[in-house]
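Colleague: Just the structure for this:
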Amino acid sequence: MSPGPRRARVWLGWVLGAAFLAALVWTTLAQSGVECEVCLAFRGDSVCRTVAADDADAATQQAIANACAILSQGVTQGLECQRTPPRSLRCSEP
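Modeller: Coordinates of the predicted model:
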């Protein structure tokens, strides 16, 4: 194989890799439109978690799920925890 086609494939690989990384960064930054902090008390313990997402509802639900993963043990307690209203909720644009 001559060096010309091989060099072209290497450059093509670098270009495709750079395009993939650029798309990954772009979509990651586009999804963080709102940042919400949720503080949740459940069964005597409390924890606060901050999550960034596309909208406030998604960020709130993700933060509650994250907090409940720490506070609960098992599926039943996790579902009970997720139905518990947050002690505090603060959302802001990043």
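Colleague: So Cys39 sits against Thr60, correct?
Modeller: No: taking contacts as Cβ atoms under 8 Å, Cys39 lies outside contact range of Thr60: 11.8 Å. Using the backbone N, CA and C atoms, a C-beta is placed for each residue, glycine as well.
Colleague: Quickly list what's touching both of the two.
Modeller: With contacts taken as Cβ atoms under 8 Å, 6 or more residues apart in numbering, the residues that reach both Cys39 and Thr60 are Pro86, Leu89.
Colleague: What values do phi and psi take at Ala69?
Modeller: Per-residue torsions, Ala69: phi -60, psi -30 (degrees, to the nearest 10).
Colleague: So if I had to pick from Cys39 and Thr60, which one is more boxed in?
Modeller: Between Cys39 and Thr60, counted using other Cβ atoms under 10 Å, the more crowded position is Thr60 (19 against 16).
Colleague: and the host helix or strand of the more buried one, which residues are buried?
Modeller: Assigned by DSSP states H and E, Thr60 belongs to helix 56-71. Of all the residues in helix 56-71, those buried under the rule 16 or more other Cβ atoms under 10 Å are Ala56, Ala58, Ala59, Thr60, Gln62, Ala63, Ile64, Asn66, Ala67, Cys68, Leu71.
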